[in-house]
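K.L.:
here is my input, please return the structure:
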Amino acid sequence: MLRLIIFIIIVIAVLSYFNFNIRNFFESDVVRNNFGYIWNFVKYVWNNFLARPAKYLWNDVFIDLIWNSFIENLQRFKQGQGPTFEPPHIP
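P.N.:
Numbers count the residues shown, from 1 in each chain. Sure thing, here's the model as predicted:
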């Protein structure tokens, strides 16, 4: 994370050295239209292809199978009990 911040600072410093105005760049109509087009494309892909599998993985796999089991076992440990699942003992 720190490397990313340092990299961004260096990029801004280099752009400033060459008198590149970042604000004017992002306020230009061409850049706004391009980002708008890309954003609409990303929303289309998310809504039509990725939303259902992502919601399934989040709700049915992560929340139901992993998170709820984790919370249940933490509560059992708090009460002094063992976990709900114990791996088989291999001699």
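K.L.:
next one, pLDDT for the residue positioned nearest the centre of the chain please.
P.N.:
Centre of the chain computed as the mean C-alpha position; nearest residue by C-alpha atoms, centre = their mean is Ala54, 11.4 Å away. Listed pLDDT for Ala54 reads 96.
K.L.:
assign a three-state SS to Asp60, would you?
P.N.:
The three-state label given to Asp60 by DSSP: H, G, I helix; E, B strand; the rest coil is helix.
K.L.:
so where is this protein shaky, pLDDT-wise?
P.N.:
Low-confidence segments of the chain, defined by pLDDT under 70, span residues 86-88.
K.L.:
what is the neighbour count of Leu15?
P.N.:
Per other C-beta atoms under 10 Å, the neighbour tally for Leu15 reads 13. From N, CA and C alone the C-beta is placed, and that goes for glycine too.
K.L.:
my bad, Arg76
P.N.:
Around Arg76 there are 13 other residues, counting by other C-beta under 10 Å.
K.L.:
isn't it right up against Ser69?
P.N.:
No - the pair formed by Arg76 and Ser69 falls short of the contact definition of C-beta atoms under 8 Å, at 10.4 Å.
K.L.:
so what sits against both of the two?
P.N.:
Common contact partners of Arg76 and Ser69 (C-beta atoms under 8 Å, 6 or more residues apart in numbering): Thr84.
K.L.:
returning to what we had before: buried sites along the host helix or strand of the residue nearest to the centre of the chain?
P.N.:
Using DSSP states H and E, the secondary-structure element containing Ala54 is helix 51-56. By 16 or more other C-beta atoms under 10 Å, helix 51-56 has no buried positions at all.
K.L.:
then that helix to PDB, C-alphas only?
P.N.:
Presented in PDB, the C-alpha positions along helix 51-56 are these (Å, rounded to 0.1, in the frame of the first residue of the first chain):
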ATOM      1  CA  ALA A  51     -23.800  -9.700 -10.200                       C
ATOM      2  CA  ARG A  52     -25.500 -13.100  -9.800                       C
ATOM      3  CA  PRO A  53     -22.400 -15.200  -9.300                       C
ATOM      4  CA  ALA A  54     -20.800 -12.600  -7.000                       C
ATOM      5  CA  LYS A  55     -24.000 -12.400  -4.900                       C
ATOM      6  CA  TYR A  56     -24.200 -16.200  -4.800                       C
END
